[in-house]
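[1] need a structure here:
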Amino acid sequence: MSHAARSDSAPVSFTAWFLLGLLALVLALVVRAPASLLHKALPAGAPLSVSAWGGSVWNGQAAWSQGDTRGLLRWQMQGWRLFTGRVVADISNQGAIPLQGQLVAGPGRFELVAVSGELPVALVQPLLPPGWELPGVVQAESLSVSRGGLRSGAWRAAGGRLLWAGGAMQFSLNGMPQQATLPALAMTPRLEGDTLVLALAEAGSGLGLALVRIAADGRVETQLRERLLRYNPAYRSGGGDPDAVVATVRQAD
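    Residues are numbered from 1 along each chain as shown. All right, here's what the predicted structure looks like:
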């Protein structure tokens with residue numbers, strides 16, 4: 001009977017050792033793989049130019065640029081997190097734009113966690129409606145967003161906020177380009193079900209300017225308040241409630 005028990009346990013022991021050896025092999029390949037392999041993972045038409053890859057996929061760096069803004073992004077993977085089925089990397093940026101936080105990727109999940117520092121607007125463009133352009137950089141304060149995938153999927157978490165120093169902003173209204181010179185903005189993300197809601201308000205007063213809703217399927221709905229349109233020199237206000245929603249724009253992803 002003891003012989004039967006030993007026979008039954010042998011395949012289990014072999015399988016465990018085989019899986020452990022396979023995992024060790026994968027880790028060894030990742031540690032030695034050059035960081036430049038990640039270039040293939042960048043989406044087509046990425047808003048940033050990335051070059052000068054260095055180090056490995058596990059612990060590496062890459063130079064990036066957007067216009068006259070440049071930086072050096074560094075990352076360090078957390079090895080033990082692979083046992084949970086996720087890739088977790090601590091990220092930081094050196095140069096004119098300081099930044100730190102975490103990037104988490106796993107089956108059906110993509111997360112930015114506790115990101116603080118300055119970000120090129122191109123990096124937060126997926127959170128803005130199509131046709132919107134904010135020049136310069138935005139300041140992230142403990143920004144966290146989680147989605148079912150990199151470019152699509154249900155939104156699962158949102159927190160922190162983004163700050164913009166103000167200036168000339170371009171936006172789209174009924175398919176027509178518009179421009180407004182705005183004061184400093186605070187943009188606060190939150191969830192409504194599996195939809196991400198981004199509330200735009202004046203940073204000083206907290207008065208609302210717009211709401212942006214990004215659904216799980218990529219559809220974007222933007223509600224503009226009277227207060228925002230008053231910053232457009234071409235807009236003729238009727239003297240109504242500045243908090244009233246005067247335009248709703250729905251656009252597909």
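[2] Work out for me the element residue 227 sits within.
    Using DSSP states H and E, residue 227 sits in helix 226-229.
[3] Any buried residues in the helix or strand following that helix, and which?
    Per DSSP H and E, the first helix or strand lying C-terminal to helix 226-229 is strand 245-251. Within strand 245-251, the residues scored as buried using 16 or more other CB atoms under 10 Å are 246, 249. Using the backbone N, CA and C atoms, a C-beta is placed for each residue, glycine as well.
[4] Could you give the number of residues near the residue nearest to residue 249 when sequence neighbours are not counted?
    Leaving aside its sequence neighbours, residue 249 sits nearest to residue 222 (CB to CB, 6 or more residues apart in numbering; 4.6 Å). Counted with other CB atoms under 10 Å, the neighbours of residue 222 add up to 24.
[5] Ramachandran coordinates for residue 222?
    phi -120, psi 130 (degrees, to the nearest 10).
[6] ok, it to residue 208 distance?
    13 Å (CB to CB, to the nearest Å).
[7] same check, this time on residue 34
    For residue 34, the distance to residue 208 - CB to CB - is 48 Å.
[8] Looking at these two, which one has more neighbours?
    Taking other CB under 10 Å, residue 34 and residue 208 do not tie; residue 208 has more neighbours (17 against 13).
[9] List the contacts of the more buried one.
    Counting by CB atoms under 8 Å, 6 or more residues apart in numbering, residue 208 touches 199, 200, 201, 225, 227, 243.
[10] likewise residue 139?
    117, 118, 119, 162, 163, 164.
[11] Thought residue 140 was touching the second one, still the case?
    Think residue 118. Yes. Assessed by CB atoms under 8 Å, residue 118 is found in contact with residue 140 at 7.4 Å.
[12] between these two, what contacts are shared?
    residue 99.
[13] tell me the contacts of residue 63?
    By CB under 8 Å, 6+ apart, the residues touching residue 63 are 50, 51, 52, 70, 71, 72, 73.
[14] mind listing what the helix or strand harbouring the second one pairs with, with the direction of each?
    In this case it means residue 51. Using DSSP H and E, residue 51 maps to strand 49-55. The pairing partners recorded for strand 49-55 under DSSP bridges are strand 59-66 (antiparallel).
[15] For beta bridges, what are the partners of residue 201?
    residue 186, residue 208.
[16] how far away is it from residue 159?
    Taken as CB to CB, the span from residue 201 to residue 159 is 16 Å.
[17] what does stretch 74-87 contact?
    23, 27, 30, 57-61, 88-94, 103-107, 109.
[18] Weed out the non-buried ones from these.
    Looking at the contacts of stretch 74-87 with 16+ other CB under 10 Å, the buried ones turn out to be 30, 57-58, 60-61, 88-89, 91-93, 103-104, 109.
[19] now for these, which pair is the farthest apart?
    Farthest-apart pair in the buried ones among the contacts of stretch 74-87 is 61 and 109; separation 25.0 Å (CB to CB).
[20] Any regions of the stretch 151-253 of the chain where pLDDT drops low?
    252-253 (pLDDT under 70).
[21] Next up, the contacts around residue 174.
    Contacts for residue 174 were tallied using CB under 8 Å, 6+ apart; they are 247, 249.
[22] likewise residue 161?
    Per CB under 8 Å, 6+ apart, neighbours of residue 161: 140, 141, 142, 143, 186, 187, 188, 189.
[23] Strands - which of these land there?
    Judged by DSSP state E, the contacts of residue 161 include 140, 141, 142, 143, 186, 187, 188, 189 as members of strands.
[24] Dump those residues to CSV, plus distance to residue 155 and neighbour count.
    Output for the ones in strands among the contacts of residue 161, formatted as CSV (distance: CB to CB, whole Å; neighbours: other CB atoms under 10 Å):
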residue, distance to residue 155, neighbour count
140, 17, 24
141, 19, 15
142, 17, 12
143, 14, 24
186, 20, 19
187, 15, 24
188, 14, 17
189, 9, 22
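[25] quick check, nearest of those to residue 195?
    Among the ones in strands among the contacts of residue 161, and counting by CB to CB, the member closest to residue 195 is residue 189, at 10.9 Å.
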